[in-house]
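>>> A structural model of the following input is requested.
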Amino acid sequence: MIILKITSAYIYSDTGVFNGFATASDSTFICNFGFSRTATISYSNQFERIPQVFFVHEYLEQEKADMGFRLSITTITQTDFTLEISCHKQRQYTLRIRWFAIDDQLTSIWMFQMTRHFQLKIQMPKLVLWQSQVCVIQKQSIFYYLQLLVIYSLISEIKTNSVTVSITKIAGKFTNLKQIGYFVVVGIQDAFINLGLKTATGAFSSGTIPIEPNRWFAIALQGLAFPNTKNLRIRATYSNTATTISYTWGTWYEIETPNSHSQIWIAYQFTTIFKPLECFSIRISRKQVLDLLTLPTLYLELLQTNQIYTAIGNYEYLVDKTITPLKMNIQIKCQNGMKVQADFNKCNACNTKKTHSFTYNCFNQMNYIGFFPLFQQAFPQYNSLKIKLQSTTLEISQVVYDQSLTESTIVKIQILNQ
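Numbering: from 1, shown residues only. From the prediction side, this is the model:
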């Protein structure tokens, strides 16, 4: 007997620490007055697809204002990603980041900058936010300030197609901020456990935090109260065990810059699995219509939202998670000599008999067929539908998330020759 153990040649998540931008370890790193440098960071193995990559700051020291730096991810491949740093005027001594890479099509990473604005709305495709309720923000690529600075940033609004980021606007202090950049990390509710905002006015100790399985720990810096009397200094130092994590968030010289940060567990494996809608009930009607010429060949109505489709074309519609069960009204013109084949997704877990299937021959006394299916799911969720209406075919597919995005057919109606 021969036993074969088959393992994947790819990885689907990875994390690490990069400390390559530091004067203490590299005397040539003199990041000021337009200096720039790039670094390529390799993953522990190759991803099957290009992953999403983002990072958080864990150690930084900057000279007093005016000071600015730009740190951004410029390229991402299946084997590595490239960081680039450039400095505006005063010196950036050290930048240590903890980076995260994940092959997940619903987690989305957005990078943007704000210039002299206290609020910015980011428009996003509905597909990004349809299941998302939680976001993480982290100062990242652009940070440029003059003199005293007090800011705090937060996600102030999440809608199905936009996220709004706001920062405090304190008179005499906000104007010293010239530019700031963020990561906005959008994911399903499973993706994040936020332990709350912590405010550090001096040396900070996290205490013991139990490790969450299949999750990364991240410190998301959200606010600063920088007096501009000493260098800006923050450093995270970890003391971990097999079951717990703890850190101090402080300085190694002089004073720490007062700050606000969130403690967040980020999932790289998810327990919530989204499945296609299942048809649990269906009513069927057949009747004679004397004047078929006034009726469309195929008619689809989503009853709760009054969405009606009769014209040939491709459509997309996002069904709100409050709509359950989802009710449809489908009418088909069934002319003499034709037949109608109808299939409705019934059972995602079944190996056989996965659909309700019906076939009806058409004749003059029964020339109009109606289907009234009801669809449901295990728990409330947004449902992204793709509707393809052709001259003799109606197909409704659902975009489904199971760590990757796929399409599953939940309704298919065909008008065929007998």
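>>> now do the contacts for M366.
286-288, 334, 360 (Cβ atoms under 8 Å, 6 or more residues apart in numbering). From N, CA and C alone the C-beta is placed, and that goes for glycine too.
>>> just the buried subset of these, written out for ChimeraX, thanks.
Entered in ChimeraX, the line below selects the buried ones among these, by 16 or more other Cβ atoms under 10 Å:
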select :334,360
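>>> closest to W252 among the contacts of M366?
Of all those, Y360 has the smallest distance to W252: 78.4 Å, by Cβ to Cβ.
>>> look up the closest residue to the closest one, ignoring the ones flanking it.
V340 (5.0 Å; Cβ to Cβ, 6 or more residues apart in numbering).
>>> same deal with T199?
In space, T199 comes closest to S260 once its chain neighbours are excluded; the distance is 5.0 Å by Cβ to Cβ, 6+ apart.
>>> what kind of secondary structure is the one you found in?
What DSSP: H, G, I helix; E, B strand; the rest coil gives for S260 is strand.
>>> picking that back up, in the sheet, who's paired with the residue nearest to Y360?
Beta-bridge pairing of V340 under DSSP bridges involves Y360, I415.
>>> then the one 5 residues further on?
Residues in a beta bridge with N345, per DSSP bridges, are T355.
>>> could you work out the most separated pair of the contacts of M366?
Q288 and Y360 (13.4 Å).
>>> could you chop this structure up by domain?
The record's domain parsing of the chain by automatic domain parsing lists 13-267, 278-417.
>>> where among the ones you listed is average confidence lowest?
Within the domains of the chain, confidence is poorest for domain 13-267, with a mean of 79 (mean pLDDT).
>>> check the offset of that domain from the chain's centre.
Computed by Cα atoms, centre = their mean, to the nearest Å, the chain-centroid distance of domain 13-267 equals 17 Å.
>>> span of that domain from start to end?
This stretch, domain 13-267, spans 10 Å end to end (Cα to Cα, to the nearest Å).
>>> likewise stretch 363-377?
37 Å.
>>> can you give me the neighbour number for F183?
22 (other Cβ atoms under 10 Å).
>>> numbering from 40 from now on, please.
Okay, using 40 as the starting number, the last item reads as F222.
>>> sorry, back to before: the residue nearest to T238 pairs with what?
T238, G262.
>>> what's around it, how many residues?
19.
>>> equivalent analysis for the one 4 residues further on, please.
Counted with other Cβ under 10 Å, the neighbours of I303 add up to 22.
>>> now do the helix or strand hosting it: everything it contacts.
Following DSSP states H and E, one finds I303 within strand 298-306. The list of residues contacting strand 298-306 from outside it, by Cβ under 8 Å, 6+ apart, reads 139, 175, 191, 224, 226, 229-239, 245, 248, 251, 253-264, 273, 288.
>>> look up which residues are beta-bridged to A257.
Going by DSSP bridges, A257 forms beta bridges with I303.
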